[in-house]
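Trainee: give the three-dimensional model of this entry:
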Amino acid sequence: MDETALRLGVGELIAAYADCIDDDRLEEWPDFFTEDCRYLIHRPREPRRGLAPWHHLCRLARHAGRPGDGDARANIYEAQRYRHIVGPVRIDRVEGGSPRRALTFSRCASMHDGDSQLFATGRYLDRIDVSATPFRFIERTIVLDSQKIDTLLVIPL
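Mentor: Predicted structure coming up:
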């Protein structure tokens, strides 16, 4: 696969992932991952120290017990809309046919009363399966810039 096709495919995966969350189509979220994958959330500096992730969903089962199933319905939280802002797609390197990439992001939350706030900022560290289209995440590690998230982390980052 040439570099342009790789960059476009990865860019489409990133945009579709953000749109899925921002459009509240959470039942589709697990479909962005391979069958045997990892989704990790780290507080600042934890990956460098080798500490366990703060929030960890490993081996997402795409057909049963899917992350997100029931989570948003089981918890009561103020109605809000999310909007992701992501940096440009950059492929750091390709290992074993799987691109690795780092991407900065921020996510804003708009409350039902019109108030908006910055919900989270950080970096996505991804390994991506490009063996078939659409591309899928093998691993998505999220390194947050802050130790604090003001509300429950019910909706994926």
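
Trainee: what helix or strand is the residue located most distally from the centre of the chain located in?
Mentor: Residue farthest from the centre of the chain, counting by Cα atoms, centre = their mean, is residue 113 at 26.5 Å. Following DSSP states H and E, there is no helix or strand that holds residue 113.

Trainee: distance of it from residue 119?
Mentor: 16 Å (Cβ to Cβ, to the nearest Å). Quick note: C-beta positions are derived from backbone N, CA and C, even for glycine.

Trainee: state the pLDDT value of the residue farthest from the centre of the chain.
Mentor: Confidence at residue 113, expressed as pLDDT, is 80.

Trainee: how close does it get to residue 104?
Mentor: 29 Å.

Trainee: do residue 89 as well
Mentor: 11 Å.

Trainee: got any ranges where this protein has weak pLDDT?
Mentor: Within the chain, the ranges that satisfy pLDDT under 70 run 45-79, 147-153.

Trainee: can you give me the strands for it?
Mentor: Along the chain, the segments classed as strands by DSSP state E run 33-42, 55-58, 80-86, 91-95, 98-111, 116-129, 136-144.
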